[in-house]
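Student: Return a 3D structure for these sequence lines:
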Amino acid sequence: MAKYKVYKNPANGYTEKVKDGFNWPVFFFGPIWYLFNGLVGQGIAWLLVALIAGTFTIGIGAIIVWIIAGVKANKVKEKSFLSKGWLYVGYEDEIRQDNI
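Tutor: Below is the predicted model:
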């Protein structure tokens with residue numbers, strides 16, 4: 001079962017969950033996920049690296065690049081939240097148990 005970390009925006013109380021582990025949408029959709037999550041520069045960078053790696057390795061390098069991007073994507077999203085002043089609340093299942 002997937003574990004999710006919860007982040008809270010102190011300005012409006014809005015919360016977001018970030019999955020712990022591999023990010024499958026990044027593997028399949030790559031830069032589109034980065035665009036929808038406000039990480040445009042990183043999405044473009046990963047796309048360029050994948051295109052270059054894929055060009056020289058008949059596409060295999062691009063697959064490897066997107067696997068690496070899928071591993072790192074959730075940590076990047078967490079760092080983005082923290083840099084914008086969001087607060088780490090805890091794991092989703094721990095929060096639910098505390099509220100019972």
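Student: Tell me if I'm right that residue 9 and residue 88 touch.
Tutor: No. Checked against Cβ atoms under 8 Å, the pair residue 9 and residue 88 is beyond contact range at 11.8 Å. No exception for glycine: its C-beta is placed from N, CA and C like everyone else's.
Student: any idea how far the nearest residue to residue 14 once chain neighbours are set aside lies from residue 87?
Tutor: Distances taken as Cβ to Cβ, 6 or more residues apart in numbering put residue 8 closest to residue 14, at 7.2 Å, once the chain neighbours are dropped. Separation of residue 8 from residue 87 (Cβ to Cβ, to the nearest Å) stands at 5 Å.
Student: how close does the residue nearest to residue 14 get to residue 28?
Tutor: From residue 8 across to residue 28, the span is 29 Å (Cβ to Cβ).
Student: what about the two, which has more around it?
Tutor: A count of neighbours by other Cβ atoms under 10 Å puts residue 8 above the other of residue 8 and residue 28, at 16 against 11.
Student: Backbone dihedrals for the more buried one, both of them.
Tutor: phi -120, psi 130 (degrees, to the nearest 10).
Student: and the end-to-end length of stretch 14-28?
Tutor: 28 Å (Cα to Cα, to the nearest Å).
Student: Quick one: the helices in this structure, in order.
Tutor: 24-29, 31-36, 40-56, 60-83, 92-99 (DSSP state H).
Student: Go through these and name the closest to residue 16.
Tutor: helix 60-83 (6.8 Å; Cβ to Cβ).
Student: quick one: the closest one to chain centroid distance?
Tutor: 6 Å (Cα atoms, centre = their mean, to the nearest Å).
Student: Pull out the buried positions in that helix.
Tutor: Under the neighbour-count criterion of 16 or more other Cβ atoms under 10 Å, helix 60-83 has 61-62, 65-66, 68-70, 73-74, 76-78, 80-81 buried.
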